[in-house]
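1. structure of the sequence below:
(chains A and B)
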Amino acid sequence: MIRLKKKDPEAFAKLYDLYVTPIYRFIYFKVPGQQDAEDLTSEVFLKVWTYVTETEDQIENFRALVYKIARNAVVDFYRSKSRCEFAQDEEIMVMIPDDRQQSFLKEVEVKLEINNLEAVLKKIKDEYRDVIVLKYIDGLSTKEIARIMDKSNGSVRILLHRALNVIRELVNQNGKQ
Amino acid sequence: MENSKLIKEIKNLSNEVKPRADWVSLNRDLLLHQISPAAKPEPIGVGVAGYFGLFFQIFKSRMLEPAVVMFLVFGVFLGSSLTINAAFYSLPGNPLYRVKLALEKTHAAMITDDQDSVELKIEFAQKRVTEMDKVATSESSTADQKKAQIETIVKEFKNNVTALNQHLTKISTQTEKADKEKTIKMAISFNAKIQDLAQSLDKSPTGSSQTEVAEMVKEVAQNVALLAEDTAQTIEDGKVEGAAVDFTAEVIGENETTTPKIIE
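-> Below you'll find the predicted structure:
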């Protein structure tokens, strides 16, 4: 971290090697395509470099910082990008309560062609996807996830529980078809 | 599907979803190139504000260097010394002559001791006489210029002598009895200097022609003599050990002055 703060490109290269895959994966499930995931991942690392070399604040958890920057980058991506059909669907889903969301998904699953777990993950609510990816794919602790998502540990546990229920439901429904 | 099985399947996704290896490598190089300080910056148009900012930045950084600060301090010191030195030899008509007079006034104002102060004022008057000599012997000035210069010097000389007289009067009226012995010694010292002044004025090619100036010197000499006489009269015999004062009239040039002398 000290070397990175002193603008050492080698330190940056090491951090890139360490985080590029998990960050890419984290973004991949949140954006429509592979190209968007690659562009955003690259952008995230540049933002990390700028932040770390310019800030005077103490960085307590570097991994949490990288994920937080990635999360904000995705939010910016959807704000700036012209609204695609996918984003509209997702926005509608965010606005719908969980119980209604499940029934809504039932209605749209045929159109969205959800035929595997990856597709399910791409279509569920942002918060659900984040906790699932961070917890089970990237292997972060509940505390770290709470820090990234600006939530309490308890809220993260509840989100995980609900997210698993939604995914299971969708996968089961998909399997029946 | 059970939760454990679902979680296992989700975890398996981490093996399936990976960035392309060629992209990872290419992106790594691209990022390193972007953040590298050695990367060549693209030419950017710089406006007047840009140049001004650059100049200010360089000036600021240079000003902070100790060597530059030392050089500036030395430069100011040397410049001041040269100016003062040049002013010291200046004559009326030269812009530095005003500086010279101002420095003399400052010098006089800084002296608190009466004896030193009077001696300094006599010295200033002496300088005016020297200046008169220089102007009179100068070949580079015309007669009109010389006249104007001498008028200026005489004016300053009058100011010096007036200040000197006032100071002598002040000493004679304010001196306590206990300081009378000291005053006597001061008067003797002043007298010697006034004699020098009168002699130099007499020798000066312009001095003898300046009757008014000579009269003023005479007046100063009389003041000094009165100061000594007045002081001596108040000292009773035996209070000033082995010292008595004798006033002998001496003629200095065309003017008469009274010179006090200590008789052992």
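
2. tell me the mean pLDDT for the helix or strand harbouring B:Ala102?
-> Using DSSP states H and E, B:Ala102 maps to helix B:95-110. On average, the pLDDT along helix B:95-110 is 85.

3. now stretch A:44-62
-> pLDDT averaged over stretch A:44-62 gives 86.

4. now check that stretch, is it near chain B?
-> Yes: interface with chain B: stretch A:44-62 contributes A:Phe45, A:Leu46, A:Trp49 (CB under 8 Å from any CB of the partner chain). C-beta: built from backbone N, CA, C; applies to glycine.

5. could you list which of these belong to helices?
-> Using DSSP state H, A:Phe45, A:Leu46, A:Trp49 are the members of the residues of stretch A:44-62 next to chain B that sit in helices.

6. now B:Asn94: phi and psi?
-> phi -90, psi 140 (degrees, to the nearest 10).

7. ok, now B:Asp29?
-> Dihedral angles of B:Asp29 (phi, psi; degrees, to the nearest 10) stand at phi -60, psi -40.

8. ok, now how distant is it from A:Leu160?
-> 38 Å (CB to CB, to the nearest Å).

9. higher neighbour count, the two?
-> Here B:Asp29 and A:Leu160 are compared on neighbour count by other CB atoms under 10 Å in any protein chain shown; more neighbours surround A:Leu160, at 19 against 10.

10. longest helix in the chain, please.
-> With no chain named, the answer covers chain A. Taking DSSP H as the assignment, the helix of chain A that covers the most residues is helix A:153-176.

11. ah, I was thinking of chain B
-> Taking DSSP H as the criterion, chain B has its longest helix at helix B:143-174.

12. got a list of what A:Arg3 touches?
-> A:Glu10, A:Ala11 (CB atoms under 8 Å, 6 or more residues apart in numbering or on different chains).

13. doesn't it belong to a helix?
-> Yes: remark: A:Arg3 belongs to a helix, assigned using DSSP: H, G, I helix; E, B strand; the rest coil.

14. what about it, distance to B:Phe71?
-> A:Arg3 sits 38 Å away from B:Phe71, taking CB to CB as the criterion.

15. and A:Asn153, by the same measure?
-> In this view, A:Asn153 and B:Phe71 are 63 Å apart by CB to CB.

16. swap in A:Thr53?
-> Counting by CB to CB, the gap from A:Thr53 to B:Phe71 is 36 Å.

17. what does A:Arg168 give?
-> According to CB to CB, A:Arg168 and B:Phe71 sit 79 Å apart.

18. neighbour count for those two, which is higher?
-> A:Arg168 (16 against 11).

19. where along the chain do the helices fall?
-> Went with chain A since none was named. Residue ranges of the helices in chain A, as given by DSSP H, are A:2-5, A:9-28, A:34-54, A:62-80, A:85-95, A:98-112, A:117-123, A:126-132, A:142-149, A:153-176.

20. chain B is the one I meant
-> According to DSSP H, chain B carries its helices in the segments B:3-16, B:21-35, B:48-63, B:66-88, B:95-110, B:114-137, B:143-174, B:180-203, B:211-234.

21. grab the nearest non-local neighbour of residue 10.
-> The chain I'm using is chain A. Spatially, and ignoring its direct neighbours in sequence, A:Glu10 is nearest to A:Arg3 (7.3 Å; CB to CB, 6 or more residues apart in numbering or on different chains).

22. look at chain B instead
-> With CB to CB, 6+ apart as the criterion, B:Ile10 has its nearest non-adjacent residue at 4.4 Å, and that residue is A:Tyr136.

23. show the pLDDT at that neighbour.
-> As predicted, A:Tyr136 sits at a pLDDT of 89.

24. what's the neighbour count on it?
-> For A:Tyr136, the neighbour count with other CB under 10 Å is 21.

25. and for the one 3 residues further on?
-> Around A:Gly139 sit 11 other residues, with neighbours defined as other CB under 10 Å.

26. how about the residues of chain A near chain B?
-> Residues of chain A found near chain B (CB under 8 Å from any CB) are A:7, A:9, A:12-13, A:16-17, A:20-21, A:24-25, A:28-29, A:34, A:37-38, A:41-42, A:45-46, A:49, A:117-118, A:121, A:132, A:136-138, A:164, A:167-168, A:171-172, A:175.

27. what is the neighbour count of B:Asn12?
-> B:Asn12 has 13 nearby residues by other CB under 10 Å.

28. show me what contacts it?
-> So B:Asn12 contacts nothing (CB under 8 Å, 6+ apart).

29. before we move on, the earlier item: out of the residues of stretch A:44-62 next to chain B, which is most surrounded?
-> A:Phe45 (24 neighbours).

30. my read: B:Ala198 touches B:Ala221, true?
-> Yes: using CB atoms under 8 Å, B:Ala198 is in contact with B:Ala221, at 6.5 Å.

31. in the stretch 1-150 of chain B, where is pLDDT below threshold?
-> For the stretch 1-150 of chain B, the stretches with pLDDT under 70 are B:1, B:37-47, B:60-66.

32. spell out which parts of it neighbour chain A.
-> Applying CB under 8 Å from any CB, one finds that the stretch 1-150 of chain B approaches chain A through B:1, B:3, B:6-7, B:9-11, B:13-14, B:16-20, B:23-24, B:27-28, B:30-32, B:34-37.
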